[in-house]
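K.L.:
for reference, the sequence and a predicted model appear below.
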Amino acid sequence: MDEGGSRLRRRVSVRKRNRRSLGPICAAAELVPENVDEEQMVAGSRRRRTVGEPPVEHSDSEEDMFGGYDSFAENSFLAQVDDLEQKYMPFPEHEKCVTDPATEDLYLESIHKRNATIIARDHVTTLNTGAHHSKHEDAVIEPETDLLYDVPSSQVLYFENLQNSSNELDNQFSKKKDWNLPSHQTAKDKWPPNCIEPPQQNDASSSKVQTSSDASRRRSLRDHLKSAMTENAKAQAPVFSKTNQLKETLLFEEINVAKKMLESPSDDRGPFYSLPSKVRDLYLQLKGIENLYEWQHTCLTLSSVQERKNLIYSLPTSGGKTLVAEILMLQELLCRRKDVVMILPYVAIVQEKISGLSIFGMELGFFVEEYAGSKGKFPPVRRREKQSLYIATIEKGHSLVNSLIEMGRISALGLVVVDELHMIGEGSRGAVLEMTLAKILYTSKTTQIIGMSATLNNVEDLQEFLKAEYYTSQFRPYSDTLKKMDPDCLIALVTEVIPNYSCLVFCPTKKNCENVAEMICKFLSKDYLKHREKEKSEMINNLKNISGGNICPVLKRTIPFGIAYHHSGLTSDERKLLEEAYSTGVLCLFTCTSTLAAGVNLPARRVILRAPYVAKEFLKRNQYKQMIGRAGRAGIDTVGESILILQAKDKQQVLQLINSPMENCYSHLVQEFAKGIQTLFLSLIGLKVATNLNDICHFMRGTLLGVQQKILLKGKSLSEITMESLNCLAEKGLLQKDTIYKSEAEFQCNFQITKLGRASFKGMIDLAYCDILYRDLKKGLEGLVLESLLHLVYLATPYDMVSQCNPDWMVYFRQFSQLSPAEQKVAALVGVSESFIGKKASGQAIRKKVDKDIVNRLYLSFILYTLLKETNVWSVSDKFNMPRGYIQNLLTGAASFSSCVLHFCEELEEFWVYEALLVELTKKLTYCVKAELIPLMEVTGVLEGRAKQLYSAGYKSLIHLANADPEVLIKTVNHLSRRQAKQIVSSAKMLLHEKAEALQEEIEELLKLPSDFPDNVASSTEQP
């Protein structure tokens, strides 16, 4: 009572509550000082305290509808309300209402405080929000100092309705009342009408109003409350979760706090680097990260980061760079409410990151969208309320940025994160990455760019190009050692680590990987067979299931020892299953090629380099660093070591490798002419970013090539190369050049993109092949064969894989002889005859000249066509005598190229017939499975083998997966870990939510009145 009244004990997890008498509450209310404002009273009443009172007891009697405390008995709550009515409410015979100010204020405050209490309960802001307290706790809440605090909501509504009806009656004569009243009556409009005497009126209408008001006040509160409580008891209670309300409210409040922190210059960065504490809890729950490294904290609190300047940071592999990038992305999504693009080098890494961040998206309320291969929408869906995190490969990231610029939405992009920034100096992909970043810098001054890499040397050039700050550290979470061992010690080196710890053995070639794996198994004791024997046996069975009963004989021999090879010859399903087994410790050793070093996160206690070569080329410094960086990855192992095995002849080169600085990073815009500078100019003009020579030259000075032009350009200036490239595009028919002469000595060159040029840059077609593609599509219209898919498959076969093809002529001839008449017609249309293939198969001389690229492309088309019919990589691999990994890579490339051709045709009206056909073909090439599995394979991380398992278990649609229980999935699907099950469910929920949002936006767009509607136009013209 001395702290504001008696306290009411309430158990959060129980709905019924024992009600105290209103007498003490009313008494407490009368003790409240008049100078305490309403907000302070409400805030004070919402503070939680712990008092050691005995637990409440509850009556479960069915005879009493209201569980004892809402009984109609004499000592019931209604009886107490009736006593209050007798005490405070006016009777008809009274000529005026009670005018005691304390009583009037008491009733008024009870109404207002009851409303405030309802709001407070809805938001559940009074509960303890400690980091790890999720259990139900007994809590003591101070009662509201009003009459109606403990009254059910149905009865409170009666009081409010009574007040509203009286207000309406009083408002009829409020304009005529006398304002010259005593000071305590000047706020009469704030008091309950039932307790305020209206001014005397002389007219008859006023008398009628007063009589009506008095009559309404004669009605007993007890009767009304009985009726309301009875109806309330019969009505079905709304179902809601207090836990969910608590989570949503706390998250909303913390995001607002974090947003204010970001906007303020204060060093106080909020609960978790300007993010809600829920983010910290998710990292602890999902990744086991409790505290950040010192360098991570330093990097996140840099003034350049807080001021949103561009940043490049460089650390050794496994230093924890990705976590910093993720925190910065979450700040942008949750606090600044901007979209984010994350550019990663490979499709596998994109899919891994999608799986890892989908749970964050579901929990924190943003979308995670995949832009890799044939996936990704152009233009991206405009979200109404939530932000999007686009995770893309280098090529798809470029197309995404182009689309945002074209739609005028580039300013909605708040942050771009680039992993492996050093790849900007690697061939055509580096040129594409440079183009992407240059366009962002030129078109948006508000988009922040974060670049991270473990291998950077000439960082000053990149700093100047990106206008970025630089942060570096030599931090490693373990000690890195290098030992030179004799090659014969490989078995001893391996057995020191396995099976209790993991080991990676890097080999120069794919065949060497398989040979080393088998060789190690020959020298291992049979004790290794007993280590997790049951799980390894199940894994072999699972490999057979996902491959239609087939299994590689090498894997069949090595997996029982816990050893497997890992290279591009594996199918996606095989690779994913092996990686999962390695991550869980079922497999303890991988013999692998260098591609694993730049791929998914597979760490090891010991990393062994079998030889300092990749194929026949000597190791580069950055490749070496990436390989040994797999030892002792952060957050997974505390110790790591690397060992390089070499021959005496390589000793000097190895010493140079170890002691040499990192390779420099140089622009490839000029070296990759068609994919580089020409593609850049075409998109600049197509997007109208720069359309005349002066603007284009100005843009080029801001690129990495412009920064490094003194080193890279010898004999020609940057402006000369720019003009040559533009003229070359005009000669190809991709640009139209207009020269405007301002005077005899001064002129200006303007450029416009042609239809073919627009189709090329919209479809991201390599300019070296755009004219060939146009010619093939044009020729296809003359006799498009639709009796089979072969003709369409040929048109969707990627040009850049043709040069890698070496046909087996006997297989070629056998497949050719099995073609149907319609399929033979396709071969004749493209210019390949059966007699030519027969002569090649028999080794005869060929006099007639035939285009080798067309012959090879048709052979690849046969592989794809057979794969679409049989949907079994193993059988196709045997039939064409080609590695199954190569066949799957061909399929992935064809799906991506088919999507490009589709966008190419959409820009050219003459190719309208291809549009619907290519949509279906792209879907077939993307999934290459039976139709019923396609909805499941739309979920990130679900490949054919897993889709078959899920379908067999009864999960046949996206809705099934989105509503699945991860614990049930673990029990019904073999070799599915809890982490993987949660990722699948969260990814399915995210995808389903995205589709629902897209449909909702489409509905709103259809129902929205157009801005050019005639009535709107007419009304706007009529206004003066």
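P.N.:
That came through fine.

K.L.:
element containing residue 643, please.
P.N.:
Here residue 643 sits within strand 641-645, counting by DSSP states H and E.

K.L.:
convert that strand to CSV, retaining C-alpha atoms only.
P.N.:
Written as CSV, here are the backbone C-alpha positions of strand 641-645 (Å, rounded to 0.1, in the frame of the first residue of the first chain):
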residue,chain,number,x,y,z
GLU,A,641,48.5,-27.1,-39.2
SER,A,642,49.6,-27.3,-42.8
ILE,A,643,52.2,-29.6,-44.4
LEU,A,644,53.6,-29.3,-48.0
ILE,A,645,55.1,-32.3,-49.6
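
K.L.:
show me the shaky parts of the stretch 901-1024 of the chain.
P.N.:
Low-confidence segments of the stretch 901-1024 of the chain, defined by pLDDT under 70: 1015-1024.

K.L.:
follow-up on the earlier one: tell me what the strand holding residue 643 is packed against?
P.N.:
strand 482-485, strand 606-609 (3 or more CB pairs under 8 Å, 6 or more residues apart in numbering; DSSP states H and E). In this view, the C-beta of every residue, glycine as well, is placed from N, C-alpha and C.

K.L.:
what strands line up against it, and which way round?
P.N.:
Pairing partners of strand 641-645, with direction, according to DSSP bridges: strand 482-485 (parallel), strand 606-609 (parallel).

K.L.:
could you tell me the least trusted of those strands?
P.N.:
Mean pLDDT across the strands paired with strand 641-645 is lowest at strand 482-485; the value there is a mean of 35.

K.L.:
contacts for whatever helix or strand comes next after it?
P.N.:
Later in the chain than strand 482-485, the nearest helix or strand by DSSP H and E is helix 490-495. For helix 490-495, contacts defined as CB atoms under 8 Å, 6 or more residues apart in numbering pick out 485, 503, 505, 516, 520, 523-524, 589, 606, 608, 610, 643, 645.

K.L.:
got it, and stretch 650-660?
P.N.:
Defining contact as CB under 8 Å, 6+ apart, one finds that stretch 650-660 is touched by 482, 484, 611-612, 618-619, 621, 624, 644, 646.

K.L.:
so which bits of the longest helix along the chain are buried?
P.N.:
If you go by DSSP state H, the chain has its longest helix at helix 978-1007. Within helix 978-1007, the residues scored as buried using 16 or more other CB atoms under 10 Å are 979-994, 997.

K.L.:
could you do stretch 640-660 as well?
P.N.:
Of the residues in stretch 640-660, 640-646, 650, 654, 657 count as buried by neighbour count, 16+ other CB under 10 Å.

K.L.:
check stretch 681-691 too.
P.N.:
Under 16+ other CB under 10 Å, the buried positions of stretch 681-691 are 681-687, 689-691.

K.L.:
make CSV out of these and add pLDDT.
P.N.:
Below are the buried residues of stretch 681-691 laid out as CSV (pLDDT from 0 to 100):
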residue, pLDDT
681, 93
682, 93
683, 92
684, 93
685, 94
686, 92
687, 92
689, 92
690, 92
691, 91
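
K.L.:
do a quick rundown of the strands in the stretch 201-350 of the chain.
P.N.:
Ranges of strands in the stretch 201-350 of the chain, per DSSP state E, counting those that start in this stretch, are 310-314, 339-343.

K.L.:
please identify the deepest-packed of the ones you listed.
P.N.:
Mean neighbour count, computed with mean count of other CB atoms under 10 Å, is highest for strand 339-343 among those, reaching a mean of 27.

K.L.:
output it as CSV, restricted to C-alpha atoms.
P.N.:
Taking Å, rounded to 0.1, in the frame of the first residue of the first chain, the C-alpha atoms of strand 339-343 are listed here in CSV:
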residue,chain,number,x,y,z
ASP,A,339,18.1,-3.8,-49.4
VAL,A,340,21.4,-5.6,-49.5
VAL,A,341,23.3,-7.5,-52.2
MET,A,342,25.9,-10.1,-51.3
ILE,A,343,28.1,-11.2,-54.2
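
K.L.:
state the pLDDT value of residue 638.
P.N.:
As predicted, residue 638 sits at a pLDDT of 65.

K.L.:
I should have written residue 457 there, sorry.
P.N.:
69.

K.L.:
cool, residue 651 as well?
P.N.:
Looking at residue 651, its pLDDT stands at 87.

K.L.:
then the one 3 residues further on?
P.N.:
Among the per-residue scores, residue 654 holds a pLDDT of 88.

K.L.:
residue 228 now?
P.N.:
pLDDT, residue 228: 61.

K.L.:
quick revisit: against which helices or strands is the longest helix of the chain packed?
P.N.:
Counting contacts by 3+ CB pairs under 8 Å, 6+ apart, helix 978-1007 packs against helix 347-364, strand 367-371, helix 958-962, helix 966-972.
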